[in-house]
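Asks: sequence and computational prediction follow.
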Amino acid sequence: MSRFISTIERIKATTNLKINAHIGLSSRKELEELVSAGIDSFSIDVFGDDETIEEVLGLKSRANDYFAVMKDLKELGAKRIAPHLCIGINQGKIKGEFKAISKLESMPPEALILLSTIPTKGTPYGSMRPPSFEAVKEVVERARVCLPHVRLIMGCMRSRSNRDSECDLVRAGLDGIVLPSAGTVQRLRNEGYVIRKRAECCSLV
């Protein structure tokens, strides 16, 4: 990672570009270098269940390891932290999502990006059932209650099979949706919502 620091610094010094770094389990030294280089936003996947990490990612890491990275970033003065929580990542089941949200209460980020698992043909989870709308909505509602001042964004990795549900998720507490349907935008406008279009990564919104 260190070999990219000078490039990042040059980009920040010579352009108006914003940089979001979607990182994994990085050392504190690596994080310090990235923060100092001027990264605008850090995305990091978070989990609430150790077994899910081992089963889905094939890693021996623990959920607390990912939250430790968030803690380091906060202590190092990162400008913005936007953890990503994938609903139903463990075979479409809700397993650890609520626990992850509870852990975020003690270190609230600037934004929480919610995703939902998409069955992908040719993968071990290709035939699984994705999380139900009710399950996704319940996670959104819990996040809204537990993190009242955190921006909740539904990210781009989600099922588009039921676009009518997007309005319900906004009513449940979302502050934004990546690439909503035109119908969703119009219905929300009709209900009195103020719609602002942003042409940038959801982690920067």
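Replies: Received, thanks.
Asks: may I have the secondary structure class of the residue nearest the centre of the chain?
Replies: The centroid of the chain falls nearest to His84 when counting by C-alpha atoms, centre = their mean (2.2 Å). Per DSSP: H, G, I helix; E, B strand; the rest coil, the secondary structure class of His84 is strand.
Asks: so what's it bridging to?
Replies: As for beta bridges, His84 partners with Asp45, Ile113 under DSSP bridges.
Asks: who are the contact partners of it?
Replies: His22, Ser43, Ile44, Asp45, Val46, Ile113, Leu114, Leu115, Gly155 (C-beta atoms under 8 Å, 6 or more residues apart in numbering). In this view, the C-beta of every residue, glycine as well, is placed from N, C-alpha and C.
Asks: what about Asp45, how many residues nearby?
Replies: Residues lying near Asp45 (other C-beta atoms under 10 Å) number 20.
Asks: that one and Gly173, how far apart?
Replies: Look at Asp45 and Gly173: by C-beta to C-beta, to the nearest Å, they are 21 Å apart.
Asks: farthest-apart pair in the contacts of His84, please.
Replies: Maximum pairwise distance in the contacts of His84, criterion C-beta to C-beta, is 15.3 Å, between His22 and Leu114.
Asks: those two: who's more crowded?
Replies: Comparing His22 with Leu114 by other C-beta under 10 Å, the one with more neighbours is Leu114, at 25 against 13.
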